[in-house]
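Enquirer: Kindly return the folded structure for what I paste below:
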Amino acid sequence: MKNVKGIGLLIVLGVIGLVASQALFIVSEKEQVIITQFGEPIGEAITEPGLNVKIPFLHKANFFERRYLEWDGDPNQVPTKDKVFIFVDTYARWQITDPLKYFETLGDEDGAQSRLDDILDGETRNAVAANDLVELIRSTNREPAQPDEIADIVSDSLQAINVGRDEIQEEIQKLANERAKDLGIAVLDFRFKRINYAEEVRRTVYDRMISERNRIADKFRSEGQGEASKINGEKERELKRIQSEAFREAETIRGRADARAAAIYNDAYNKTRQARELYAFVKSMEAYGRTIDKETSLIISTDSEFYRYLNSID
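Expert: Below is the predicted model of the structure:
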């Protein structure tokens, strides 16, 4: 009998636990809940965190995210307004703003992602087709952050923009939210992840870029060669000027030295007879040293000045 009562008590407690688990549910800070009865929503959405009660086995709690959700688009090949085929890869962040509408129109996150594919991909195609390529890849008419000489050349090849990438992204987000306003969701942010040329266009673009850079390089190379010729010309002219001035200065110094030496010789010669004789003797000895060696033979007269000191040698 006691065993039967114990089993009965356990059954009752199990039933109570099961009913309680079906009747009570907790909503966390990152969730929001819609209560449904036979698949139809009843009452307002529960968005505040805490413990809540529902009719067990009759009501169902459907949980949805309150946090920001991610949408990642598939890369698509789209023509721009100026007929350039590009691959566009996009992404967005969105949020469930009205759980009741969201549940009634989309049902779950898979349905929402599929609907966002239609909306965002469609608006992206429309925006790309309505703008030139330069509007999609640039946001401002900024000045190139390069040296002035290069900036002047690059600026000539930069086409001015009227809209820009940022405004196009904002416009896509705005139009997407207008289409999604009855779905209970909001697109919080939209961005181009990557924009690239189609493969058949990419080679032509690369060739044009290479050609442009070669043109700039040739221009600077030509200017460099001209500047080098100018510098070399100035160098040669300056070198000749320095050499000419150095030669003139050397000749001036040499002239002064010769004049000074002649003056010294003349002064020494005019002082005394002995000095004159000594001077004459020294000069004659220098002449002998320059003209006579072991191989020299001289034929001179006895009254020659050159014979004078030779005759006096015993």
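Enquirer: Return stretch 99-110 as PDB; C-alpha atoms alone will do.
Expert: Taking C-alpha atoms only, stretch 99-110 is exported to PDB below (Å, rounded to 0.1, in the frame of the first residue of the first chain):
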ATOM      1  CA  PRO A  99       7.900  40.700 -33.500                       C
ATOM      2  CA  LEU A 100       4.200  40.300 -34.200                       C
ATOM      3  CA  LYS A 101       4.500  41.600 -37.800                       C
ATOM      4  CA  TYR A 102       7.600  39.600 -38.200                       C
ATOM      5  CA  PHE A 103       5.900  36.400 -37.100                       C
ATOM      6  CA  GLU A 104       2.800  37.000 -39.300                       C
ATOM      7  CA  THR A 105       4.700  37.900 -42.500                       C
ATOM      8  CA  LEU A 106       8.000  36.100 -42.300                       C
ATOM      9  CA  GLY A 107       7.600  33.400 -39.700                       C
ATOM     10  CA  ASP A 108      11.300  32.800 -38.800                       C
ATOM     11  CA  GLU A 109      14.800  33.900 -39.600                       C
ATOM     12  CA  ASP A 110      15.100  31.800 -42.700                       C
END
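Enquirer: Identify the residues contacting it?
Expert: Residues outside stretch 99-110 that contact it (CB atoms under 8 Å, 6 or more residues apart in numbering): 32-34, 36, 41, 44-45, 47, 62, 64-65, 69, 96, 112, 115, 182-185. C-beta: built from backbone N, CA, C; applies to glycine.
Enquirer: Could you check which helix or strand contains Asp121?
Expert: Element membership of Asp121, judged by DSSP states H and E, is helix 109-129.
Enquirer: on that earlier part again, type out the ChimeraX command that picks the buried ones from the contacts of stretch 99-110.
Expert: Buried members of those, defined by 16 or more other CB atoms under 10 Å, are picked up in ChimeraX with:
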select :32,33,34,36,41,45,62,64,69,96,112,115,183,184,185
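Enquirer: returning to what we had before: buried stuff in the helix holding Asp121?
Expert: For helix 109-129, burial by neighbour count (16+ other CB under 10 Å) applies to Ala112, Arg115, Leu116, Ile119, Leu120, Asp121, Glu123, Thr124, Ala127, Val128.
Enquirer: hmm, who's touching stretch 184-194?
Expert: The contact list for stretch 184-194 (CB under 8 Å, 6+ apart) reads 68, 73, 75, 87-106, 112, 116, 120, 136, 165, 169-170, 172-173, 176-177, 180.
Enquirer: buried residues in it?
Expert: Neighbour-count burial for stretch 184-194 [16+ other CB under 10 Å]: Gly184, Ile185, Ala186, Val187, Phe190, Phe192.
Enquirer: Tell me the helices and strands packed up against the helix or strand in which Gln95 is found.
Expert: For Gln95, the host element (DSSP H and E) is strand 85-96. Strand 85-96 is packed against strand 69-72, strand 76-79, helix 109-129, strand 185-197, helix 199-271, with contacts defined by 3 or more CB pairs under 8 Å, 6 or more residues apart in numbering; DSSP states H and E.
Enquirer: Out of those, which gets the lowest mean score?
Expert: Of all those, the minimum mean pLDDT falls on helix 199-271 (a mean of 83).
Enquirer: what angle sits between it and strand 185-197?
Expert: Orientation check (axes from the mean of the first three to the mean of the last three CA atoms, to 10 degrees): helix 199-271 against strand 185-197 gives 60 degrees.
Enquirer: Now do helix 199-271: distance to the chain's middle.
Expert: Per CA atoms, centre = their mean, to the nearest Å, the displacement of helix 199-271 from the mean C-alpha position of its chain is 39 Å.
Enquirer: And what about Ile299, helix, strand or coil?
Expert: Here Ile299 takes the coil state, with states given by DSSP: H, G, I helix; E, B strand; the rest coil.
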